[in-house]
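Student: Below are the sequence and a predicted model for it; my questions follow.
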Amino acid sequence: MILYRIYQICIAIPLIIVITIIAALATIIGSILGMSRTMGYWPGCIWAKLFCALTLVRVKVKGYENIDKNTSYVFVANHQGAYDIFAIYGYLKHNFRWMMKKGLMKIPLVGYSCKVSGHILVDNSTPSATRETMKKAETQLSGGMSVVVFPEGARTRDGKMHPFRRGAYTLAMEFGLPVVPITIDGAYKILPRGSLLPRPGVIRLTIHQPIHTPEGGRHELASLMTESYNAIASALPEN
């Protein structure tokens, strides 16, 4: 483990900083040149795979057959840790945008790249801001472009899955999009919330079958949330 920490500090971290800057710049330049649909995804995808490789983290995926690259979805996943982002970005194999907190815009360079490439920055400070968020989401979610949301809202502190919030499901029902649950297992052990350096390991992604939004209207929101929660929980270890 000591040798691994030396490798992390002396080799992995400097390389990660470099590839993060390159990926952000590629995203910004490509988006400014009018290629945001492509460049808002592929630099981040490659960055995430390199991030995992450099930190000796493997990602195994099950369930690719459940999704179609030409269909738009609302992907919902449990949030075990920071490596959830790398696992999904690098290995989902489906063009998407993150639905993220507006505060993440403060991250130097990365925040701006997210803005210009069309990631959906959530602002619920006022009703008008919420409407603007929904309007931006509507322009993005078409032609196979999807959105990924962590409905727990924050990374777990204890490794357990916590109650979901309504935002992602409201979005799915508003636009009639299927909800696809994704189970993330293993990310908590690699980098728990509060830890600074990861450990080697394996993350398992399970892509479940789409749940089509019911026609009954908003009163079906609770059942949609429950069904997706149960699907995600079904692929997690009991402990």
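Tutor: Great, that's in hand. Numbering: from 1, shown residues only.
Student: just the helices in this protein please.
Tutor: 2-7, 13-32, 36-39, 42-54, 83-91, 110-116, 127-140, 167-175, 187-190, 221-234 (DSSP state H).
Student: got the angle for the fifth one vs helix 42-54?
Tutor: Which is helix 83-91. Note on geometry: by axes from the mean of the first three to the mean of the last three Cα atoms, to 10 degrees, helix 83-91 and helix 42-54 are set 120 degrees apart in direction.
Student: and helix 83-91, how far from the chain's centre?
Tutor: Relative to its parent chain, helix 83-91 has a centroid offset of 7 Å by Cα atoms, centre = their mean, to the nearest Å.
Student: Export that helix to PDB, keeping only CA atoms.
Tutor: Taking C-alpha atoms only, helix 83-91 is exported to PDB below (Å, rounded to 0.1, in the frame of the first residue of the first chain):
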ATOM      1  CA  TYR A  83     -16.000   7.300  -8.500                       C
ATOM      2  CA  ASP A  84     -19.700   7.000  -9.500                       C
ATOM      3  CA  ILE A  85     -19.000   9.900 -11.900                       C
ATOM      4  CA  PHE A  86     -16.000   8.200 -13.500                       C
ATOM      5  CA  ALA A  87     -17.700   4.800 -13.800                       C
ATOM      6  CA  ILE A  88     -20.800   6.200 -15.500                       C
ATOM      7  CA  TYR A  89     -19.000   8.800 -17.700                       C
ATOM      8  CA  GLY A  90     -16.500   6.200 -18.900                       C
ATOM      9  CA  TYR A  91     -18.500   3.100 -19.200                       C
END
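Student: shaky segments in this structure?
Tutor: Applying pLDDT under 70 to the chain flags the ranges 123-132, 214-219, 239.
Student: returning to that earlier point: what would the helices of the chain look like in JSON lines with distance to residue 146 and mean neighbour count?
Tutor: The C-beta positions use only the backbone N, C-alpha and C, and glycine is treated the same way. What follows is the helices of the chain, written out as JSON lines (distance: least, Cβ to Cβ, whole Å; neighbours: other Cβ atoms under 10 Å):
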{"stretch": "helix 2-7", "distance to residue 146": "35", "mean neighbour count": "11"}
{"stretch": "helix 13-32", "distance to residue 146": "18", "mean neighbour count": "16"}
{"stretch": "helix 36-39", "distance to residue 146": "12", "mean neighbour count": "18"}
{"stretch": "helix 42-54", "distance to residue 146": "14", "mean neighbour count": "19"}
{"stretch": "helix 83-91", "distance to residue 146": "11", "mean neighbour count": "23"}
{"stretch": "helix 110-116", "distance to residue 146": "16", "mean neighbour count": "19"}
{"stretch": "helix 127-140", "distance to residue 146": "9", "mean neighbour count": "13"}
{"stretch": "helix 167-175", "distance to residue 146": "11", "mean neighbour count": "20"}
{"stretch": "helix 187-190", "distance to residue 146": "20", "mean neighbour count": "24"}
{"stretch": "helix 221-234", "distance to residue 146": "15", "mean neighbour count": "16"}
